[in-house]
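>>> Predicted model, plus sequence, below.
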Amino acid sequence: MRKLLASTCLVAGVIALSHSASAAECGDVTLALHNVQSAEVLTYVDKFILEKGFGCSVETIPGDTVPSTTSMVEKSQPDVSSETWVDLIPEIVPPGLKDGKIVKGSKALPDGGVQGWWIPKYLADAHPDIKTVEDALKHPELFPDPEDSSKGVIFNGAQGWGATVVTAQLFKAYDAEKKGFTLMDPGSAAGLDGAIAKAYERKEGFITYYWAPTALLGKYQMVMLKTTAAQDPAEWKRCITNLACPDPKVAAWPVDNVYTVLTKKFADRAPKDVMDYFNNRGWSNETVGKLMAWETDNQATGDEGSKHFLKEYKDIWTKWVTDDVAKKVEAAL
């Protein structure tokens, strides 16, 4: 029995030393924890995989896109921002890359951050000829305004959103009022979500501003209307983002690039397999939308959502890591 106990203790000691060595190799990692649902759950996915798969010691640091990225450039902390909408902070990211303070990992959202005007999938399926904004504006009768069914309706964003200004300006640019449409002001984000949910569950037609990935689009299947015009940054700056501008011209919504951003300091010291993970990890808007919808329906936290993802979407995340790391993560689950 003494020999068995000695042998067992020896094996346990080897395992402990092995884990300790692995943790020491990876070391301490700090992850920015943004107050955005998609970024939050991805951060917790990273935390679990880094801890259980790579043996890292991980700490999350509450923040948001601008302050977290600024701190990464100026102080090299936190080490990683799992989801960073880099196009929204042009005054921070390009200089930080140029000065060698930060580096880009993989695209956290390979589809990009998408904004535009959407219609319900059931309506798109019933009317396959409606593919563009111009197509939809020919048929106000398919999108009846709840307050005046003789007109079509477009739901705008909430007060204070930049996208709400853009939608109002594009409404002008498309001459939508003359084509029989009204622009509905929902007042708030909750008001917009409520209007969409009510119309969707009644199987009514509507056009609405929205963006992806979001929990709402994970719950309600929608199709984004295409724009025949090209992107035009100059027009976007001149008029489309300026509510006082009287003569906006139609231009496509830009697609935001969403990357994982790491400090150069961390990228230089991190083990190769950890950097391989950050250079390969990313998920589709559809996947994260469904995950956020699950979180919302179950009143789950980002931490709980990450474990649900790791248990239910093994076909996705196991492609981000080696078989050995995947086995460790699965064992931990």
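Yes, it's here.

>>> drop to CA atoms for contacts and neighbour counts, all remaining ones
Fine.

>>> Show me the domain layout of the chain.
Following automatic domain parsing, the chain resolves into domains at 21-111+257-332, 113-240.

>>> Include distance to residue 251, mean pLDDT and mean neighbour count when you put the ones you listed into JSON lines, please.
Below are the domains of the chain laid out as JSON lines (distance: least, Cα to Cα, whole Å; pLDDT from 0 to 100; neighbours: other Cα atoms under 10 Å):
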{"stretch": "domain 21-111+257-332", "distance to residue 251": "18", "mean pLDDT": "95", "mean neighbour count": "19"}
{"stretch": "domain 113-240", "distance to residue 251": "5", "mean pLDDT": "96", "mean neighbour count": "18"}
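
>>> export the ones you listed to TSV and tack on distance to residue 248?
Compiled in TSV, those are given as follows (distance: least, Cα to Cα, whole Å):
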stretch	distance to residue 248
domain 21-111+257-332	22
domain 113-240	5
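
>>> Can you tell me which of the ones you listed is nearest to residue 250?
Within these, the stretch nearest residue 250 is domain 113-240; the backing value is 5.4 Å (Cα to Cα).

>>> got the end-to-end distance for that closest one?
Separation of the first and last residues of domain 113-240 by Cα to Cα, to the nearest Å is 19 Å.

>>> cool, and stretch 316-332?
17 Å.

>>> same check, this time on stretch 182-194
End-to-end distance of stretch 182-194: 18 Å, with Cα to Cα as the criterion.

>>> And that stretch, how far out from the chain middle?
Distance of stretch 182-194 from the chain centroid (Cα atoms, centre = their mean, to the nearest Å) equals 22 Å.

>>> what does stretch 31-51 give?
Centroid displacement of stretch 31-51 relative to its chain, using Cα atoms, centre = their mean, is 12 Å.

>>> With stretch 39-59 instead?
18 Å.

>>> Same check on stretch 308-318?
With Cα atoms, centre = their mean, you get 17 Å for stretch 308-318.

>>> cool, and stretch 308-326?
Distance, centroid of stretch 308-326 to centroid of chain: 19 Å (Cα atoms, centre = their mean).

>>> Quick one: residues in contact with that stretch.
Applying Cα atoms under 8 Å, 6 or more residues apart in numbering, the external contacts of stretch 308-326 come out as 45, 53, 54, 277, 280, 281, 283, 291, 330, 333.

>>> how long is that stretch end to end?
For stretch 308-326, the end-to-end distance is 16 Å (Cα to Cα).
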